[in-house]
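*Asks:* let me see the structure of the following:
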Amino acid sequence: MLTIGTILPFVPLATVVVPVAVYFLVLGLLNSRRTPQLLSARVDFAILLGALSPLLVIPALQYVTASPAALALAAGAAAAAVGLLLPRGSGWVVYNIPHDLARRLVREALAELAIPQEETDDGFALADGAAVRLNAFPLLRNVSIRLTGPVGDLPHRLPHALALRLADTPVEASPMAVSLLLVATGMLVAPLALLAQRAPEIVRLLTQLLP
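*Replies:* Next up, the predicted model:
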């Protein structure tokens, strides 16, 4: 006979699997677009944090008592960790784009903004010690862009100029996008399939619990 005790083990599983699956789904969709997608570094970090936080929070709750002091301490520690990991300065992530194409588009955007530049191994050197640094992550087919030094109003001007170029740059969906979408679909379906096997018993249990 199905009881609440037999349902509860599915809850942590779904809590962990579903956010990760949604993260893979978002990555798959970003890498399936017909044009590259520009996200701010903080938005990209928030998506990753939302997906991975259950993997850390749920095990931690097993060691935290229900006292307000312990919960407040745990919440403070979590907030401090997020604050340390939060991206500093101005940065963006472009999905579904190869490194050489991202580099060319950034160079063209800087030229349009009439900003003197000099190419370096990791990006572009600007005036007064400022720089635009590019870092590619081929596995997820994305390129991170970060500004360093005294950049003035460039954090507001560069993403707009770059976004206009990205919107006019057609790209093909990467094979990784298809893989991510398939993995995400499987992870979302698996918990539902486990519960579906016991759907009649769950309905019977809920009927007994409800007045």
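*Asks:* wait, what's in contact with residue 122?
*Replies:* For residue 122, the contact set (Cβ atoms under 8 Å, 6 or more residues apart in numbering) comprises 133-135. All C-beta atoms are positioned from the backbone trio N, CA, C, and that covers glycine.
*Asks:* only whichever of those are buried, select them in PyMOL.
*Replies:* Applying 16 or more other Cβ atoms under 10 Å to the contacts of residue 122, the buried members can be selected in PyMOL as follows:
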select buried, resi 133+134
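*Asks:* between the contacts of residue 122, which is nearest residue 148?
*Replies:* Of all these, the one sitting nearest residue 148 is residue 133; the distance, using Cβ to Cβ, is 6.3 Å.
*Asks:* what kind of secondary structure is the closest one in?
*Replies:* strand (DSSP: H, G, I helix; E, B strand; the rest coil).
*Asks:* now do the contacts for it.
*Replies:* 122-123, 145-148.
*Asks:* so where's this protein uncertain?
*Replies:* 1-14, 55-87, 191-211 (pLDDT under 70).
*Asks:* all strands for it, in order.
*Replies:* 37-40, 91-95, 118-120, 123-125, 131-137, 142-148 (DSSP state E).
*Asks:* against which helices or strands is the fourth one packed?
*Replies:* Using 3 or more Cβ pairs under 8 Å, 6 or more residues apart in numbering; DSSP states H and E as the contact criterion, the neighbours of strand 123-125 among helices and strands are helix 99-112, strand 118-120, strand 131-137.
*Asks:* quick one: buried residues of it?
*Replies:* So for strand 123-125, counting by 16+ other Cβ under 10 Å, buried means 123-125.
*Asks:* residues in contact with it?
*Replies:* Under Cβ under 8 Å, 6+ apart, the answer for strand 123-125 is 103, 106-107, 110, 117-119, 131-134, 145.
*Asks:* let's have the residues you listed in TSV, adding distance to residue 35.
*Replies:* Shown next, in TSV, are the contacts of strand 123-125 (distance: Cβ to Cβ, whole Å):
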residue	distance to residue 35
103	17
106	16
107	18
110	20
117	24
118	28
119	25
131	26
132	21
133	23
134	19
145	16
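*Asks:* closest one of those to residue 51?
*Replies:* For the contacts of strand 123-125, the nearest to residue 51 is residue 145 (22.1 Å; Cβ to Cβ).
*Asks:* residue contacts, the nearest residue to that closest one once chain neighbours are set aside?
*Replies:* Distances taken as Cβ to Cβ, 6 or more residues apart in numbering place residue 92 nearest to residue 145, at 4.9 Å, with adjacent residues excluded. For residue 92, the contact set (Cβ under 8 Å, 6+ apart) comprises 38-41, 144-145, 159, 162.
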